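Asks: Prediction below, plus the sequence it came from.
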Amino acid sequence: LILLVPLGDLVERRRLIVIMMLLAMVGLLVSASARSLPMLLAGTAMTGAFSVVAQVLVPFAATLAPLETRGKVVGTVMSGLLLGILLARTVAGALSTLGDWHTVYWVAAALMLLNTLALWRLLPRYHQPASLHYGQLITSIIGLFARHKVYRQRSVLGFLGFAMFSVLWTSLAFLLSAEPWSFNDATIGLFGLAGAAGALSARHAGVLADRGHGHRLTIAGIVILLLSWGLLGLGGTSLIALLAGIVLLDLALQAVHITNMNMVFSLDESARNRLNSGYMFLYFLGGAFGSLASAAAYDEHGWSGVVILGAGLAVA
């Protein structure tokens, strides 16, 4: 996120996007054909490095969109991205049940190739070079944090928000595979559909942000997050409460996230990729923290420990 995404402010974007997607596809092919753990890790690392191409696409969409509909456009693109994250769980669960784990990677590689071809044909060429060399481009991200208070605030909100997302989705599989539910991989994957309902709200959140309701949307989102953890706390005994909590949590997180991005992108048009790079770096750092903390909380205190952790992040 820090080393590759800022390149969107330096080089022609369509070419950058296509090259990064092809390299991500190569990583998927390495993982698909892996017969040893080092080979699987190498493929995973390569895919992980270049799948940040999604974060080049989001500011590109913001750049191409008219100012008055920027939030709506960013929300639409983010809906697709978030649906992919959530529905991938459902699809992967089904594919691994039908075949094995290799099948997931073969199918993902084929889909990535189709996606790459479509973007190569449909995206316009766009080059708005920054008057900086690569080293200055990367270090300038620190300057953006120092210069913009809103950038710092919204990045911290992004960190906490995606931490909550990972707290839920990391330990949800542990909860659903254990007693009393004892669901298999394919059934657990279907719970991604509940989260997808929340992801669909991203476009509507963008429309509200365009109309100047970003602050109210953020406050409402945080209040709903607190309520969602109350419902998720009942998830050990009630599937209805668990599903309702998942929908509300994803709905609220997307509202806050889209508002964050709309405000961040409006700070400096010429530095959107760098702004997105720094924001998403902290965003995914929050996700990594949430995933580690969630697993530790579940190991020590079960599902109630996970709920307390998530609610604590919402309070923060």
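Replies: Cool, got the structure.

Asks: Now the lowest-mean-pLDDT helix or strand in the chain: buried residues?
Replies: The helix or strand of the chain with the poorest confidence is helix 192-199; it has a mean of 76 (mean pLDDT, DSSP states H and E). Neighbour counts over helix 192-199 (16 or more other C-beta atoms under 10 Å) mark 192, 194-199 as buried. From N, CA and C alone the C-beta is placed, and that goes for glycine too.

Asks: Moving along the chain from that helix, name the first helix or strand you hit.
Replies: Later in the chain than helix 192-199, the nearest helix or strand by DSSP states H and E is helix 202-210.

Asks: low-scoring stretches of the chain, by residue?
Replies: 129-130, 198 (pLDDT under 70).

Asks: ok, Arg272 - how many residues close by?
Replies: Residues near Arg272, counting by other C-beta atoms under 10 Å, number 21.

Asks: Now do the same contact list for it.
Replies: 8-9, 59, 62-63, 265 (C-beta atoms under 8 Å, 6 or more residues apart in numbering).

Asks: Can you tell me the closest non-neighbouring residue to the residue nearest in space to the middle of the chain?
Replies: Ranked by distance to the mean C-alpha position of the chain (C-alpha atoms, centre = their mean), the top residue is Leu82 at 5.9 Å. Nearest non-adjacent residue to Leu82, counting by C-beta to C-beta, 6 or more residues apart in numbering: Ala199, 3.7 Å away.

Asks: The one you found: what's it in contact with?
Replies: Residues in contact with Ala199 (C-beta under 8 Å, 6+ apart) are 79, 82-83, 85-86, 250, 254.

Asks: switch to 7 Å and redo it
Replies: Listed by C-beta atoms under 7 Å, 6 or more residues apart in numbering, the contact set of Ala199 reads 79, 82-83, 86, 250, 254.

Asks: Please render those residues as JSON lines that adds distance to Arg274 and secondary structure to the earlier fields.
Replies: Compiled in JSON lines, the contacts of Ala199 are given as follows (distance: C-beta to C-beta, whole Å; DSSP: H, G, I helix; E, B strand; the rest coil):
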{"residue": "Ser79", "distance to Arg274": "24", "secondary structure": "helix"}
{"residue": "Leu82", "distance to Arg274": "23", "secondary structure": "helix"}
{"residue": "Leu83", "distance to Arg274": "27", "secondary structure": "helix"}
{"residue": "Leu86", "distance to Arg274": "28", "secondary structure": "helix"}
{"residue": "Asp250", "distance to Arg274": "28", "secondary structure": "helix"}
{"residue": "Gln254", "distance to Arg274": "24", "secondary structure": "helix"}
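
Asks: And the helices in the chain, which stretches?
Replies: Under the criterion DSSP state H, the chain contains helices at 13-32, 37-50, 54-64, 70-98, 101-122, 134-147, 149-177, 185-189, 192-199, 202-210, 214-232, 239-265, 272-315.
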